[in-house]
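**Student:** Take a look and give me a structure for this.
(one chain, ligands or ions: 1)
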Amino acid sequence: MENRLPGEQGPVERSSGGLVERYGRRAFIISAATAVSAFAFWALRRSTVAAARPMTADEGPRTVTIVEFSADGKQTGTVTVPRVIKTDDEWKKVLSTTSYRVTRHEDTELPFTGDSWNLHDRGLFRCICCDLALFSSETKFDSGTGWPSFWQPIAEENVVKTVDGSLMEVRTAVSCRLCDAHLGHVFDDGPAPTGLRYCMNSASLRFVKLG
Ligand SMILES: [Zn+2]
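**Tutor:** Numbers count the residues shown, from 1 in each chain. Take a look at the predicted model:
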């Protein structure tokens with residue numbers, strides 16, 4: 001019984017230790033792979049930024065019909081107004097670097113970095129470029145993505161949806177009706193009642209708190 005050969009217990013212990021080590025290493029490899037693919041997505045996304053181009057004055061309609069909201073969040077009516085058009089340099093002067101890249105060059109901010117993904121106050125989210133009301137806190141939900149997410153815009157008239165094939169998958173981009181600012185994308189995996197997830201960039205929005 002006691003006269004095991006020297007080293008007889010050894011391989012078991014070493015084997016056990018090795019198993020844990022192997023699982024640990026595997027978990028590390030899996031998390032590293034996730035990080036690598038996230039980075040690959042980011043790098044791929046970055047490569048599309050240069051290709052984006054702001055709409056010029058002679059493209060698209062000269063006037064747009066939008067729904068206006070007052071400072072206290074009430075709908076005040078539908079109006080037809082001239083589109084807000086500025087040159088790329090003009091936008092660059094009035095926006096932060098992140099807001100400029102996101103809204104005018106269809107970039108995407110890093111998740112969990114914006115100022116409204118984790119905001120739960122009551123209020124309106126307006127376009128950072130032209131102040132048009134775009135989303136209400138009443139339709140905001142926690143998507144866990146690190147980007148502010150809503151199940152519907154404050155008024156369908158105030159956003160434009162276009163097919164975006166800039167990455168490997170075809171997505172639906174969402175932009176501001178009044179000034180063409182890129183806001184984010186809409187996906188069909190959102191909560192009731194619409195089943196939609198408007199995945200926005202904090203950098204595209206200006207939050208106005210309601211009392
Ligand atoms: Zn706008």
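
**Student:** Now tell me which helix or strand of the protein has the poorest mean pLDDT.
**Tutor:** helix 9-49 (a mean of 46; mean pLDDT, DSSP states H and E).

**Student:** With adjacent residues omitted, what lies nearest to Glu68?
**Tutor:** The spatial neighbour of Glu68 that comes closest, neighbours along the chain excluded (CB to CB, 6 or more residues apart in numbering), is Thr76 at 4.8 Å. (Glycine included, C-beta is placed from N, CA and C.)

**Student:** give the contact list for that neighbour.
**Tutor:** Residues counted as contacts of Thr76 (CB atoms under 8 Å, 6 or more residues apart in numbering) are Glu68, Phe69, Ser70.

**Student:** Could I get the contacting residues of the spatially closest residue to Ser175 that is not a sequence neighbour?
**Tutor:** Counting by CB to CB, 6+ apart, the nearest residue to Ser175 once its immediate chain neighbours are dropped is Val160, at 4.9 Å. Neighbour list for Val160: Val174, Ser175, Cys176, Arg177, Asp180 [criterion: CB under 8 Å, 6+ apart].

**Student:** so is Val160 in a helix, a strand, or just coil?
**Tutor:** strand (DSSP: H, G, I helix; E, B strand; the rest coil).

**Student:** In this model Leu183 seems to touch Val174, though I could be wrong.
**Tutor:** Yes. At 4.8 Å, Val174 and Leu183 qualify as touching, with contact defined as CB atoms under 8 Å.

**Student:** neighbour-wise, which of the two wins?
**Tutor:** Leu183 (29 against 23; other CB atoms under 10 Å).
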